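Student: fold the following, please.
(chains A and B)
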Protein chains: 2
Amino acid sequence: MKKLLTLLSVLALISLEGRSPNFIVIFCDDLGYGDLGCFGNPTIKTPHLDRMASQGQKWTQFYVADPVCTPSRAALLTGRYPIRNGMTSAARAVLFPDSSGGLPASEVTIAEVLKQKSYATAAVGKWHLGHLQQHLPMEQGFDSYYGIPYSNDMDFVKGGPNYRQGADDPNFYPDIRNYNVPLLENAKVVERPADQNTITRRSTLRAVDYIKKNKDKPFFLYLAHSMPHIPLFVSEEFRGKSLRGLYGDVLEEIDWGVGEILKTIKGEGIEKDTIVVFTTDNGPWLAFKTHGGSAGPLRAGKGTTFEGGQRVPTIFWGPSRVKPGTVSEMGSTLDLLPTFAALAGAKTPADRKMDGYDLSPVLSGEGKSPRDKFFYWARAKLHAVRSGPWKLHILQREPINYGKLAPMEGPELYHLEADISEAYDVASSHPEIVARLLKMLAEHEADTEDSLPDQLAARIK
Amino acid sequence: MKKLLTLLSVLALISLEGRSPNFIVIFCDDLGYGDLGCFGNPTIKTPHLDRMASQGQKWTQFYVADPVCTPSRAALLTGRYPIRNGMTSAARAVLFPDSSGGLPASEVTIAEVLKQKSYATAAVGKWHLGHLQQHLPMEQGFDSYYGIPYSNDMDFVKGGPNYRQGADDPNFYPDIRNYNVPLLENAKVVERPADQNTITRRSTLRAVDYIKKNKDKPFFLYLAHSMPHIPLFVSEEFRGKSLRGLYGDVLEEIDWGVGEILKTIKGEGIEKDTIVVFTTDNGPWLAFKTHGGSAGPLRAGKGTTFEGGQRVPTIFWGPSRVKPGTVSEMGSTLDLLPTFAALAGAKTPADRKMDGYDLSPVLSGEGKSPRDKFFYWARAKLHAVRSGPWKLHILQREPINYGKLAPMEGPELYHLEADISEAYDVASSHPEIVARLLKMLAEHEADTEDSLPDQLAARIK
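Tutor: This next block holds a predicted model:
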């Protein structure tokens, strides 16, 4: 009798809670905070994303854990600052084709967490967490992989035209034949050079196909578009269509893809069981002028720990699971792992330091964001901290040539909510806040002393 | 029989077209392009304006004819560049309390145009087109007036605290007792100093009351809020409510007011017969730091002819008369007079040069914007021209101290749709476009040689 009651209460709970939701993360590359219509872009048309935002939650203070590609991705998938798993380095900004490292097998990804609950898992798109076999997605909890293993500008034809040319001309279309990037199906190269012109379209269609085939079980789909990273490529049907030039064409194709995915979710009748997150790995690559995006009102872009480098346009969507509205509380890609774990009833790793928070109370509209602080790391150095509306910088990088540290006269303090462009340093009039944030920085730095060693510096012999 | 047929066809046309629409223009003061949620602001909450935009048209390339108050307002009401009616001056940026001039009686305003069709007309809020009796709204076609006659910072208590203090502190609340601005009911001063803390609220309630009383006839309501011009004032109930500080509090009260107006229109059952336009007189006053707004991704602000000075966040709303969507075509406050005239079946003045275009085909979704060019004037000097996506600057003002002309090495050319922040001068690589735009500037300048004399320089003896 007791067993029966327990069984009945478990069944009641399951029916109350519904099935575990599917999770889809649509992750762009170098998309700027100001590049979507719903985030204020005047000339790029993103009707599908705008509708996704109005039906879901538009997060206006959402962060990635690092302003460049490899560390940002490592943090999203593990819920840990990249310093902890060695996925940031003073020696090299990211992984390159001659790198031998990657995300350590000992790290636990979202895919591995959800495998506790028998989720189907797939990675589609850019990986950039190690391209040797032992670092590919299937070694990190994904059932399958389809995409390019590192950035689309990294593997270029030597002696060919300048592989980053064209930034002065918004309508310069690069030639895929100048690049030699491989396209992988699981661990096998199936196309080289990858036809990057159709890569956004093909990644989208892969995602659509995956959703249709997996609609009857909980799944996690990580769709990491390799665009709008330079060199920019777009399908014939979007070429020349945007007022914004090639960069806008690329965005409008990504927006089309979002539309296709949401349409598929509805068409398959799983909209009540699915949460879709749209975001990007870091801010816009400003050095590439009109081939790079816009951070909107935010200061600087990719590679810097100013807001333009790390605050990203983020949308959560899920009819009946995400309460519509604008959320101006703090969140981070670090928080996806604990949030998905909570919603799926899975456990987060208990044997290591985790940096994320469970945002599910905000998604359901039942509570406030538990995130009240954020640390800004770049090139394995702690640059800044945010606590409530206050941000204290102790290191800064040059806005364009972001490999270089910029000279500073002392710590700079900004009120990010009133001074949205980080324009007015108020350190001198708020010494008590400066002191409190300096202490937070010191404590956090001490807390990372047991981190794994640098995984990015090693090269293939 | 012939007369009867004519009468019948006229009646049929009237029933087909419906009644002439009511027009409400909600005009802010120094609101920045990036200050509304739907235009990308991360911390100011504008749910009513966001909904207005999603139900109506959000215009992302909409201009005011001058980057400061008096000339911008003159242009909106007359459909003419302010140089034509003498409402811009090399001597004084705007009208001041010691000015004796104002909008010439010979000018024809929107209110006068609509009077052809027996519209009821009202001006509520800031006027700033002349405060002597002969220049007040009732002399320009308005049945009534309620508001302050010039900017809210202009009439201050001499020897009191610095009348523009507090810009470094987003939560500094100025004291109305340091100002001596009069509040007028028609031509009579009814309160001095005006209680500016409640001015947004009281202006809104006036507008609501006016709509209720005039719902049975076509009306034109010009609601020109005196906020968010510094010094900033807000009602008790919005004080300290915004993440953005006082500036955000003020915006959130304006947003509340928009909600009240739209609610009243629906409540009175006139939503199908009413078009509401929301916009502002010029860009944000950046010198006032967090007490000024944000131009979002646009360059510079108020007082300059960069986009941040003259491109303004604009929304057209009108269920059944405005087709929802984002409009990235060009428009201007210069176009309101001909657009309203077309929709009301009224004639535009035929005896003078007009600078506006009829945007009604865009509102209905039936056509493209006829505006393909725009001229940028400041302090009675022609600074720049836009033709399609191209903008050529021949004069520029300092971004903060905008009274001063900035040094230039030569004309600068920007592609505004691909380079949304006017960051990349491409004059040297596009000489043919530079030449074409220089010719347009010369022709336009020649076309203004018959303008009325300067109306802003004269002072009360």
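Student: make it CA atoms for all contacts and neighbour counts henceforth
Tutor: OK.
Student: so how far is B:P297 from A:A295?
Tutor: Per Cα to Cα, to the nearest Å, A:A295 is found 7 Å from B:P297.
Student: check A:T314 too.
Tutor: Taking Cα to Cα, one finds A:T314 at 18 Å from B:P297.
Student: A:F96 reaches A:M154, doesn't it?
Tutor: Yes - taking contacts as Cα atoms under 8 Å, A:F96 lies within contact range of A:M154: 6.9 Å.
Student: more crowded one of those two?
Tutor: A side-by-side neighbour count of A:F96 and A:M154, using other Cα atoms under 10 Å in any protein chain shown, places A:F96 first with 22 against 16.
Student: could you pull up the residues touching that one?
Tutor: Going by Cα atoms under 8 Å, 6 or more residues apart in numbering or on different chains, A:F96 touches A:150, A:154.
Student: mind running it again at 6 Å?
Tutor: By Cα atoms under 6 Å, 6 or more residues apart in numbering or on different chains, no residues touch A:F96.
Student: what secondary structure does it sit in?
Tutor: Following DSSP: H, G, I helix; E, B strand; the rest coil, we place A:F96 in the coil state.
Student: any idea how far it lies from A:D29?
Tutor: 16 Å.
Student: and for A:K213, the neighbour number?
Tutor: 11.
Student: again with A:E366
Tutor: A:E366, neighbours per other Cα under 10 Å, totals 10.
Student: A:G141 too?
Tutor: If we define neighbours as other Cα under 10 Å, then A:G141 has 21 of them.
Student: and it, what does it touch?
Tutor: By Cα under 6 Å, 6+ apart, the neighbours of A:G141 are A:111-112.
Student: just the pLDDT at it, thanks.
Tutor: In this prediction, A:G141 carries a pLDDT score of 98.
Student: one more: A:A207?
Tutor: Looking at A:A207, its pLDDT reads 98.
Student: tell me the secondary structure at it.
Tutor: Under three-state DSSP, A:A207 comes out as helix.
Student: that one and A:V25, how far apart?
Tutor: Noted for A:A207: a distance of 11 Å to A:V25, by Cα to Cα.
Student: which of those two has more neighbours?
Tutor: Shown here are A:A207 and A:V25; by other Cα under 10 Å, A:A207 has more neighbours (26 against 19).
Student: A:A295 and B:P297: which has the busier surroundings?
Tutor: Of the pair A:A295 and B:P297, A:A295 is the one with more neighbours under other Cα under 10 Å, namely 31 against 25.
Student: excluding its backbone neighbours, what's nearest A:Y357?
Tutor: A:D335 (4.8 Å; Cα to Cα, 6 or more residues apart in numbering or on different chains).
Student: hang on, the one you found in a helix?
Tutor: Yes - the assignment for A:D335, made by three-state DSSP, places it in a helix.
Student: look up how far A:L359 lies from it.
Tutor: 7 Å.
Student: likewise for A:V277?
Tutor: A:V277 is 12 Å from A:L359, by Cα to Cα.
Student: these two: who's more crowded?
Tutor: Shown here are A:V277 and A:L359; by other Cα under 10 Å, A:L359 has more neighbours (24 against 21).
Student: what are the ranges of the strands in chain A?
Tutor: Using DSSP state E, the strands of chain A run over residues A:22-28, A:57-63, A:120-125, A:144-147, A:183-185, A:188-191, A:219-224, A:274-280, A:314-317, A:325-332, A:373-378, A:381-387, A:390-393, A:412-415.
Student: ok, A:V426 - contacts?
Tutor: A:L413.
Student: now it: phi and psi?
Tutor: With angles defined as degrees, to the nearest 10, A:V426 sits at phi -120, psi 30.
Student: what does the pLDDT read for it?
Tutor: 96.
Student: please apply the same query to A:F306.
Tutor: pLDDT, read off for A:F306, is 98.
Student: residue of the stretch 301-450 of chain A nearest chain B, please.
Tutor: Nearest residue of the stretch 301-450 of chain A to chain B, counting by Cα to the nearest Cα: A:A418, 4.1 Å away.
Student: how close does that residue sit to A:H393?
Tutor: From A:A418 to A:H393 the distance is 17 Å (Cα to Cα).
Student: if we can go back for a sec, can I get the strands of chain A in CSV with mean pLDDT?
Tutor: Below are the strands of chain A laid out as CSV (pLDDT from 0 to 100):
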stretch, mean pLDDT
strand A:22-28, 98
strand A:57-63, 98
strand A:120-125, 98
strand A:144-147, 98
strand A:183-185, 98
strand A:188-191, 98
strand A:219-224, 98
strand A:274-280, 98
strand A:314-317, 99
strand A:325-332, 98
strand A:373-378, 98
strand A:381-387, 98
strand A:390-393, 98
strand A:412-415, 98
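Student: out of those strands, which comes closest to B:F375?
Tutor: Closest to B:F375 of those, according to Cα to Cα: strand A:57-63, at 34.7 Å.
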